[in-house]
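[1] Next input, structure requested:
(chains A and B)
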There are 2 protein chains.
Amino acid sequence: MKTADRMQGVHRSYIREILKVTARPEIISFAGGLPHPDSFPADRVAAAAAKVFAEEGASALQYSTTEGYAPLRKWIADRYARQGLTVSPDDILITTGSQQALDMAGRALLNRGDAVAIERPGYLGAIQCFSMYGADFKPVNLLATGVDTDMLDDVLERTGAKVFYAVPNFQNPSGISYDASTRHRVAELMARHECMLVEDNPYGELRFLGEDVPPVRCHMQTPSILLGSFSKMVAPGMRLGWIYAPDGLMDSLVRAKQASDLHTATLTQSILYRYLVDNDVDAHIASIRDRYKRHRDIMVASIRDHFPEEVATTEPEGGMFLWCTLPDSVSAEEVFKEAIRNNVAFVPGKPFYVDGTDNTFRLNFSNASPEKIEEGIARLGKCLRHCLS
Amino acid sequence: MKTADRMQGVHRSYIREILKVTARPEIISFAGGLPHPDSFPADRVAAAAAKVFAEEGASALQYSTTEGYAPLRKWIADRYARQGLTVSPDDILITTGSQQALDMAGRALLNRGDAVAIERPGYLGAIQCFSMYGADFKPVNLLATGVDTDMLDDVLERTGAKVFYAVPNFQNPSGISYDASTRHRVAELMARHECMLVEDNPYGELRFLGEDVPPVRCHMQTPSILLGSFSKMVAPGMRLGWIYAPDGLMDSLVRAKQASDLHTATLTQSILYRYLVDNDVDAHIASIRDRYKRHRDIMVASIRDHFPEEVATTEPEGGMFLWCTLPDSVSAEEVFKEAIRNNVAFVPGKPFYVDGTDNTFRLNFSNASPEKIEEGIARLGKCLRHCLS
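    Here you go, the predicted structure:
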């Protein structure tokens, strides 16, 4: 069967294939990117759903507007005000998870062959999605303080990239966050090179160490796009995210969304909104932060105990991921095979690079229990010692 | 702001713009395409939701597979067996409404400039969606018995169209259904011209007159795609549809879906499945059919009483729409203006054509009450007499 050319370069999600291998119950997996199910406020969402059916009945099951449920858009806009951002609800489009926000941004902005600057390593979902629109990726290294702004300046200068896609908070896969001066400098570079920043922020609310830093958007003089998600703040299975976009772009995004799925489910939007206004969301988020901090601390401590010194790891201040770098000569895919033999799993770093680097891997610390984290990291330490010797 | 080239030719949904004009409460509107809210089994969906939260808890809120909820895919496959189609659940991908099924088909199949045969008039959502992938539309006339197969043969011969998009049951906008011999002939032409049929069937369960005719797929010797939807069978606000695709295409569709929104909401899939297995779905569909037959009969009778003879109308055997053709010299957009002045609304036919025809319009009979239908058609009759005189 002859498929479209855009399907050629795009492989089935590497991570999903990995997850199939790692689904065996005896395996301790740090491979997925799942929030911990105990962090979902299931009872309260159930109560919100009951209330929606009782109060709204059939209207929660009818078609609704492409832009999204107006009170939910207002809730999002109001929450941005806390970060010092003035956002109109009209500038918010509700999406079917933030993956769709990425898709809408790609669809509205990218022509085949357009240069897109992206962090190195970069978020796999963005690489997959923008690949379908024919993005010509220009990777920019990540340092411990965020993207390498000198390299970004140079890449934008040389390639005239139309878009810079960035995850400035607790990035997936690296766990790295941009410090304040990196954010200022990125804002400046976007203006100088007339580049559109697509600032993805699924983990921003999950800071458990250090101080909150405002979004890059706060420093910008030029238009930019912000993506957000309820997946980590509430639950991913409702598929609710959003895109904030400047006025001149919203019309294109709404048309892209209409053609994609008409609108995001009326029912899930109503339930989520009910949940948000009937509950203390900040207290809920604080409980997730506490949980993930505990997980992260245990993973970091176990790594110090068990990993060989030659393996460098990030020690993130939030989010769900930690990133490991092996000596150049060691292949993470080889370590992965050894790890699977020893019933522990992670994601080799390769799919997060557009240039095939193979000496890194990602560890998720949100999903496994503290006991499993200790045991799994001990097993992994042994594998690493074996592979490095 | 410089948007992607694909956004250029695509206008914001004409119907949505029309709906804004027609939202005033004093207007009797036949413009939208909404199911009647009383046809939604809201209480039973509420009960299904309560059961899902009680029995599945957090797992109904977690990420899930791109392909969709396995029991729901099996339910759909089993239902196809009734129509004489042998379908494996593996050949079903759950989508965020059937609009997304269209989008996935377009994404997986179409390159910019590919010829796509489409009914004339054709479904607006497909025109919008395939336009984004650069489809070069080749319209094929609809007759009272379905698509004009001689013209289809000729168009496929001349243009080598890769895809033929069709809505063989109670088409939107025309209400026309393909008879059995047209279906046979379409199947034959697809094989002869190596064209991929995309058979869209959102209204197939809503037949209230005549006898069910099997899908074109039943007659085909070559691969084809079937799209389905729960929007009219249960409720549209859950945004649940599906795509049935031949083996060689499913991998591309799954990758397209991953890049689009990872997966459709776990929660809505679980609730819908619970609703489907806990209730007598056929009895529910029978009640929708009864309701819509009543609405349709009243609209048809009122049209006979009030419309001038020169206005030709279809008298559909199912679905939600009826189609009117004016004398060539009369513009439906002019009639629309007169109708709005008289507090009655419809959708002018123009956006359903890729060649700008302007002497047709669509009437929806599912959403307005029988009383409003009588009153609205009487008003519209007066407007037509005025415009035609």
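[2] A:Tyr292 contacts A:Ala368, doesn't it?
    No. Using CB atoms under 8 Å, A:Tyr292 is not in contact with A:Ala368, being 11.6 Å away. Yep, even glycine has a C-beta here, placed from its N, CA and C like the rest.
[3] quick one: the strands in the stretch 1-150 of chain A?
    A:28-29, A:92-95, A:115-120, A:136-143, A:146-147 (DSSP state E, counting those that start in this stretch).
[4] right, is the first one up against chain B?
    The reference is to strand A:28-29. No. Strand A:28-29 stays clear of chain B (CB under 8 Å from any CB of the partner chain), getting no nearer than 13.7 Å.
[5] Identify the residues contacting A:Gly381.
    A:302-303, A:305-308 (CB atoms under 8 Å, 6 or more residues apart in numbering or on different chains).
[6] pLDDT score for A:Val10?
    Predicted confidence (pLDDT) at A:Val10: the value is 55.
[7] no no, A:Tyr165
    For A:Tyr165, the predicted pLDDT is 98.
[8] pretty sure it is touching A:Ile118, no?
    Yes. Using CB under 8 Å, A:Tyr165 is in contact with A:Ile118, at 5.0 Å.
[9] Can you work out which residues contact both of those two?
    A:126, A:130.
[10] Let me have the strands of the stretch 1-150 of chain A in TSV, adding distance to B:Met1, mean pLDDT and mean neighbour count as columns.
    Formatted as TSV, the strands of the stretch 1-150 of chain A follow (distance: least, CB to CB, whole Å; pLDDT from 0 to 100; neighbours: other CB atoms under 10 Å in any protein chain shown):
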stretch	distance to B:Met1	mean pLDDT	mean neighbour count
strand A:28-29	42	95	24
strand A:92-95	15	98	27
strand A:115-120	16	98	25
strand A:136-143	20	98	19
strand A:146-147	23	98	26
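[11] Could you pick out the residues of the stretch 151-300 of chain A near chain B for me?
    Residues of the stretch 151-300 of chain A that fall close to chain B, judged by CB under 8 Å from any CB: A:162, A:196, A:223, A:231, A:235-239, A:246, A:248-249, A:251-252, A:254-256, A:258-268, A:271.
[12] how about a cut-off of 10 Å?
    Within reach of chain B by CB under 10 Å from any CB of the partner chain, the stretch 151-300 of chain A has these residues: A:162, A:194, A:196, A:223, A:231, A:234-241, A:245-249, A:251-272.
[13] Can you flag which of these belong to helices?
    Counting by DSSP state H, those place A:247-249, A:251-261, A:266-272 in helices.
[14] Of those residues, select the buried ones using a PyMOL command.
    To isolate the buried members of these in PyMOL, using 16 or more other CB atoms under 10 Å in any protein chain shown:
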select buried, chain A and resi 249+252+253+254+255+256+257+258+259+260+261+266+267+268+269+270+271+272
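[15] Can you list the low-confidence ranges for the stretch 51-200 of chain A?
    By pLDDT under 70, the stretch 51-200 of chain A has no low-scoring segment.
[16] which element is A:His386 on?
    Assigned by DSSP states H and E, A:His386 belongs to helix A:370-388.
[17] Look up which residues are beta-bridged to the spatially closest residue to A:Pro202 that is not a sequence neighbour.
    Leaving aside its sequence neighbours, A:Pro202 sits nearest to A:Ser229 (CB to CB, 6 or more residues apart in numbering or on different chains; 4.3 Å). A:Ser229 has these beta-bridge partners by DSSP bridges: A:Gly241.
[18] residues in contact with A:Ser229?
    Contact partners of A:Ser229, counting by CB atoms under 10 Å, 6 or more residues apart in numbering or on different chains, are A:95, A:97-99, A:101, A:200-205, A:236, A:239-242.
[19] try A:Val163
    Contacts of A:Val163 by CB under 10 Å, 6+ apart are A:105-106, A:109-110, A:114-118, A:130, A:135, A:138, A:195-198, A:224-225.
[20] Show the contacting residues for the closest residue to chain B within the stretch 251-389 of chain A.
    Using CB to the nearest CB, A:Thr266 is the residue of the stretch 251-389 of chain A that sits closest to chain B, at 3.4 Å. By CB under 10 Å, 6+ apart, A:Thr266 lies in contact with A:52, A:56, A:59-65, A:68-69, B:235-239.
[21] at 7 Å instead, please
    For A:Thr266, the contacting residues are A:60-62, A:64, B:237, by CB atoms under 7 Å, 6 or more residues apart in numbering or on different chains.
[22] just A:His184 next, same as before
    Contacts of A:His184 by CB under 7 Å, 6+ apart are A:His219.
[23] So what's the gap between the strand or helix carrying it and the chain middle?
    For A:His184, the element it lies in under DSSP H and E is helix A:180-192. Computed by CA atoms, centre = their mean, to the nearest Å, the chain-centroid distance of helix A:180-192 equals 21 Å.
[24] How about stretch A:140-147?
    With CA atoms, centre = their mean, you get 16 Å for stretch A:140-147.
[25] repeat for stretch A:120-140
    For stretch A:120-140, the distance to the chain centre is 13 Å (CA atoms, centre = their mean).
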